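S.K.: Next one to model:
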Amino acid sequence: MNCTPYRDAGHPWSAAPGWDQMELSAMDHGGLDALIEQAENRFWRIWINDGQQLNAVMYKPSGATAPWQDDQRQGTPGNVCRAIKVGDVVDTVFGKNYGHPVSRHRVIERTERVVSQTGIMLRVNPPVRGSAFLGDQGQKYNNAWLDSAWFRPVNI
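M.R.: Residues are numbered from 1 along each chain as shown. Sure, this is the predicted structure:
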């Protein structure tokens with residue numbers, strides 16, 4: 001297991017100064033999960049969780065020794081992302097990038113340990129407007145997997 005911190009590496013999205021990053025690597029999924037949990041207990045948050053490569057990148061304000069808030073436009077906090085399950089109702093602002101309002105969906109599939117901001121990807125119904133993508137052969141898929149950071153649970 002390995003933890004490599006980088007002081008004042010910049011905010012993961014904006015590169016603003018005053019943010020530390022840390023790379024984690026492990027020999028197995030249990031080891032990576034344990035490293036992430038230890039880091040979260042020291043106020044680090046997940047930026048990238050690559051379960052296939054058994055690596056993660058964490059970030060926090062430089063020198064943070066207490067809970068902190070990041071700009072909420074950067075995504076849903078990791079602990080909330082991990083709590084989203086199949087069947088949950090969620091809202092997303094993803095479509096705002098394409099001129100659509102906030103939309104409501106039900107989670108129909110969930111997968112973990114993929115290369116993404118949170119390591120958790122969701123598919124929802126109805127599909128999120130603007131989430132279509134082209135496959136390897138040029139075919140269009142209208143219900144793309146989206147990182148769970150795009151979604152907020154709805155308490156109905």
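S.K.: rest of the way, CA atoms for contacts and neighbours
M.R.: Will do.
S.K.: Do you have the helices of the protein handy? List them.
M.R.: Secondary structure of the chain (DSSP state H): helices located at 29-41, 78-83.
S.K.: mean pLDDT for the ones you listed: which is lowest?
M.R.: Ranked by mean pLDDT, the helices of the chain end with helix 78-83 at the bottom, a mean of 82.
S.K.: That helix packs against which elements?
M.R.: Helices and strands touching helix 78-83, by 3 or more CA pairs under 8 Å, 6 or more residues apart in numbering; DSSP states H and E, are strand 151-153.
S.K.: make it 10 Å
M.R.: Packed against helix 78-83 by the contact rule (3 or more CA pairs under 10 Å, 6 or more residues apart in numbering; DSSP states H and E) you find strand 45-50, strand 120-125, strand 151-153.
S.K.: Which parts of the chain belong to which domain?
M.R.: The chain breaks down into these domains under automatic domain parsing: 2-61, 76-153.
S.K.: The ones you listed: lowest mean pLDDT?
M.R.: Mean pLDDT values for the domains of the chain show the minimum at domain 76-153, a mean of 79.
S.K.: Next, the distance between the ends of that one.
M.R.: Length of domain 76-153, first residue to last, CA to CA, to the nearest Å: 9 Å.
S.K.: Columns distance to Ile84 and mean neighbour count on top of the helices and strands packed on helix 78-83, output as a markdown table?
M.R.: Below are the helices and strands packed on helix 78-83 laid out as a markdown table (distance: least, CA to CA, whole Å; neighbours: other CA atoms under 10 Å):
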| stretch | distance to Ile84 | mean neighbour count |
| --- | --- | --- |
| strand 45-50 | 16 | 22 |
| strand 120-125 | 9 | 22 |
| strand 151-153 | 7 | 22 |
